[in-house]
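A.B. asks: next comes the sequence, and after it the predicted model I'd like to discuss.
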Amino acid sequence: QVQLVESGGGLVQAGGSLRLSCAASGRAFSSYAMGWFRQAPGKERDFVAGISWSGSRKHYADSVKDRFTISRDNAKNTVYLQMNSLKPEDTAVYYCAGGARYPSTSASNMDYWGKGTLVTVSS
């Protein structure tokens with residue numbers, strides 16, 4: 001079992017930056033591919049970014065490519081999402097997730113989920 005706890009969300013103006021963190025505890029963190037998903041009010045949960053077990057491979061949704069960067073520190077059991085040039089349409093609850101499959105953009109392929117952290121981008 002893996003427990004995931006997100007942090008770093010908040011209110012930011014358009015054009016600003018935030019860094020989300022996801023701390024993992026439980027079974028071997030480095031054996032899981034990790035991802036970030038987001039869900040805006042009234043919408044489905046969408047893929048944002050994913051990273052392989054070692055961190056050597058990454059993939060992104062087109063909507064965040066060149067603005068967001070995913071990374072992980074297996075020594076600290078933590079995955080990060082650096083978000084730059086934020087836009088109002090990035091407003092959502094951001095979820096950290098872990099799973100055995102990489103690459104994957106489907107929430108149904110993820111086995112473990114955090115409770116989410118809210119990111120609000122004002123215009």
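C.D. replies: Yep, that arrived.
A.B. asks: does Ala107 touch Phe47 like I think?
C.D. replies: Yes. With contact defined as Cβ atoms under 8 Å, Ala107 and Phe47 form a contacting pair (7.2 Å). Just so you know, the C-beta spots here come from the backbone N, C-alpha and C atoms, and that holds for glycine as well.
A.B. asks: please identify every residue contacting each of the two.
C.D. replies: By Cβ atoms under 8 Å, 6 or more residues apart in numbering, Ala107 and Phe47 have these common neighbours: Phe37.
A.B. asks: more neighbours: those two, which one.
C.D. replies: Phe47 (22 against 17; other Cβ atoms under 10 Å).
A.B. asks: then whatever helix or strand the more buried one lives in to CSV, C-alphas only?
C.D. replies: Here Phe47 is covered by strand 45-51, with elements defined by DSSP states H and E. Output of strand 45-51 as CSV, limited to C-alpha atoms (Å, rounded to 0.1, in the frame of the first residue of the first chain):
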residue,chain,number,x,y,z
ARG,A,45,-10.2,14.2,-14.0
ASP,A,46,-7.6,14.8,-16.7
PHE,A,47,-4.0,13.7,-17.1
VAL,A,48,-1.3,16.4,-16.6
ALA,A,49,2.1,14.8,-16.4
GLY,A,50,3.7,11.4,-15.8
ILE,A,51,7.2,10.2,-14.9
